[in-house]
Every structure is written in C-alpha cells, then in structure tokens.
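*Asks:* Any chance you can model this:
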Amino acid sequence: MHEGYLAGRVAVVTGGCGGIGTAICARFAAEGAAVYATDVAEPTTEFAEQPAGGAAPGVTFHRHDVTSEESTEALMARVERDHGRLHVLVNAAGIEIEKTVEQTSLDEWNRIFAINVTGTFLTSKHALPLMRAAGGGSIVNFGSYDGFIADPRLAAYCATKGAVHALTRAMACDHGPENVRVNAICPGYIDTPMLKSFFDAIDDAERLREEARRVHPMRRYGTPEDVANLVNWLAGDEARYASGQLWVLDGGLSAQVQQMRV
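*Replies:* Numbering: from 1, shown residues only. Here you go, the predicted structure:
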C-alpha cells in the first residue's frame with residue numbers, strides 16, 4: 001500500500017471520537033483523506049471544530065446524532081458544501097448493553113437498535129447521493145463476531161449486529177451497480193472502553209479478562225489500530241472488488257473449537 005492511499009478522498013466516520021473511531025480517523029488522515037469525525041461525545045484534543053468550506057486533509061469534528069435524520073441531513077449538507085462529494089463512509093457509532101434479554105428494558109432495546117442499526121441505515125441513506133457524485137464509494141459498517149456467535153449477557157447487542165450483517169449484504173447488492181461497495185468489519189475482543197465495560201459488568205473481571213485473553217490463538221486482544229488497518233484497506237482502491245462481505249477480525253478466536261482447547 002503506497003503512501004497517500006486515500007489522497008484526495010473525503011471520508012465520514014461516525015463514532016469518530018470512540019476508541020476505534022479515533023484510530024480510523026487518524027489513519028485516514030495520515031493516508032491523505034479529508035475526514036469528518038462525527039459523534040455526540042465531546043471531541044478529543046486532536047479533533048477541533050473547524051469552519052465550513054475548504055476542509056483540508058486532516059480531521060474535522062462535526063457533532064452528529066446518528067439516530068436523528070435531521071442531524072444526518074445536516075452532516076451531509078456540510079460535506080456537500082465543503083466538497084460536493086463523498087468517497088468513504090464508516091458507520092462506527094455503536095453502544096453495548098451488558099444484559100440478558102430478560103433484563104433488558106424496552107427502552108434499552110429501542111435505544112441500542114436506534115444507534116447500532118437505524119444509525120447505520122440513516123447515515124448510509126443520506127451518504128449515497130454524495131457517493132454517486134463521486135462516481136462511487138466505499139461504505140464500511142460495523143458488525144461484530146457477536147453477530148455470528150454470542151458472548152453472555154449481550155442479547156440486544158448481538159441482535160443489532162446480526163441486523164447490521166444482513167443490511168450490509170442487502171446494500172452491497174442494491175448499490176454495487178453504482179460502484180458503491182459495502183462491507184462490514186466484525187471485530188472480536190478489541191482493547192477499547194467498550195471492552196472494559198463488558199468485563200466490568202462481570203464478577204471477578206480481572207480473572208475473566210486474562211482467561212479470555214488466553215483463549216485467543218494469538219494470546220492477545222486486538223487494538224483499535226488493528227481495526228483501522230483493515231478499514232483503511234477496504235476504503236481504498238486495493239479493495240475495489242471486495243463487497244458484500246463480513247470481515248471477521250478476532251485473532252482466530254472464532255476459528256477454534258473451544259471445548260477442545262488444552
């Protein structure tokens with residue numbers, strides 16, 4: 001992969017202030033893209049609000065609620081004013097609820113679907129006209145290995161990721177003729193605040209953290225940079241024939257038969 005892999009590209013990353021989102025934004029900017037990091041959270045010191053118009057390669061923060069169609073329309077209107085086109089969309093915004101289905105309230109169920117699934121739908125829907133203006137593009141959604149197999153006490157989260165997987169395939173089929181590729185990254189255990197929250201919700205968290213680490217064939221958790229590497233490849237032309245796929249990134253965790261581990 002050559003230097004400036006995304007030179008001249010315009011990218012939007014939802015959840016851009018999260019652990020994985022921040023790494024993706026930094027990688028895109030390093031590869032020459034003009035990046036909009038969107039989030040409802042406060043930006044880090046690296047992300048500063050910049051005036052509209054003439055956004056240069058680098059990272060610009062834009063406050064955006066993925067559950068709001070009005071907010072999404074305002075985001076895409078800004079990108080259109082600044083650049084007139086969009087090449088890459090990464091739907092990284094997401095939350096996790098550490099509960100069984102019985103423990104999950106209807107409000108919690110609706111909230112996690114609004115962010116993880118409806119947010120992916122809305123941002124993609126309003127990004128597509130700008131991708132057509134660019135002659136095509138790449139959408140990278142965030143599923144999870146929990147969309148294939150389940151960790152305990154993540155019922156609603158697992159359900160949302162299964163929905164994102166199906167939506168990814170449908171979008172790839174519908175928009176492939178327009179030169180829009182759609183893929184999903186399906187991470188396993190990535191060392192982020194969300195993973196810490198998962199372990200902290202379990203008794204004897206430190207013991208389980210180490211036990212889960214040892215069950216990985218690579219004997220480590222992934223890093224946000226590991227995820228950003230794959231997203232970066234999918235965003236650019238080297239992945240021009242990759243679409244409609246669910247890219248599991250879990251250090252080999254789901255490749256093994258757990259009960260036979262010695």
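*Asks:* now the helices for this protein?
*Replies:* Using DSSP state H, the helices of the chain run over 19-30, 69-82, 106-113, 119-133, 155-175, 193-200, 205-215, 224-235.
*Asks:* which one of these has the most crowded surroundings?
*Replies:* For these, ranked by mean neighbour count under the definition mean count of other CB atoms under 10 Å, the leader is helix 19-30 at a mean of 24. All C-beta atoms are positioned from the backbone trio N, CA, C, and that covers glycine.
*Asks:* I'd like to check the angle between it and helix 193-200, please.
*Replies:* 160 degrees (axes from the mean of the first three to the mean of the last three CA atoms, to 10 degrees).
*Asks:* Compute the mean per-residue pLDDT across helix 19-30, please.
*Replies:* Helix 19-30 carries an average pLDDT of 96.
*Asks:* Report all helices and strands that it contacts.
*Replies:* Helices and strands touching helix 19-30, by 3 or more CB pairs under 8 Å, 6 or more residues apart in numbering; DSSP states H and E, are strand 10-14, strand 34-39, strand 58-63, strand 88-91, helix 224-235.
*Asks:* how deep is the residue nearest to W233 when sequence neighbours are not counted tucked in, by neighbour count?
*Replies:* Distances taken as CB to CB, 6 or more residues apart in numbering put A239 closest to W233, at 5.4 Å, once the chain neighbours are dropped. Residues lying near A239 (other CB atoms under 10 Å) number 18.
*Asks:* Quick check: the gap between A239 and I20.
*Replies:* Using CB to CB, to the nearest Å, one gets 18 Å for the distance from A239 to I20.
*Asks:* Same question for R209.
*Replies:* Counting by CB to CB, the gap from R209 to I20 is 19 Å.
*Asks:* low-scoring stretches of the stretch 1-150 of the chain, by residue?
*Replies:* Applying pLDDT under 70 to the stretch 1-150 of the chain flags the ranges 1-3, 44-57.
*Asks:* how does it look with 90?
*Replies:* 1-3, 41-57 (pLDDT under 90).
*Asks:* How many neighbouring residues does T192 have?
*Replies:* 21.
*Asks:* check contacts around it.
*Replies:* 18-20, 224 (CB atoms under 8 Å, 6 or more residues apart in numbering).
*Asks:* now do A127
*Replies:* By CB under 8 Å, 6+ apart, the contact list for A127 reads 12, 76, 86, 89, 137, 139.
*Asks:* what does stretch 64-82 rub up against?
*Replies:* For stretch 64-82, contacts defined as CB under 8 Å, 6+ apart pick out 10, 12, 14-15, 34, 36, 38-40, 52-55, 62, 86, 91, 93, 114-115, 118-120, 122-123, 125-127, 129-130.
*Asks:* Return the distance of the closest residue to V227 other than its chain neighbours relative to H83.
*Replies:* Nearest residue to V227, sequence neighbours excluded (CB to CB, 6+ apart): I20, at 5.1 Å. Distance, I20 to H83, by CB to CB: 24 Å.
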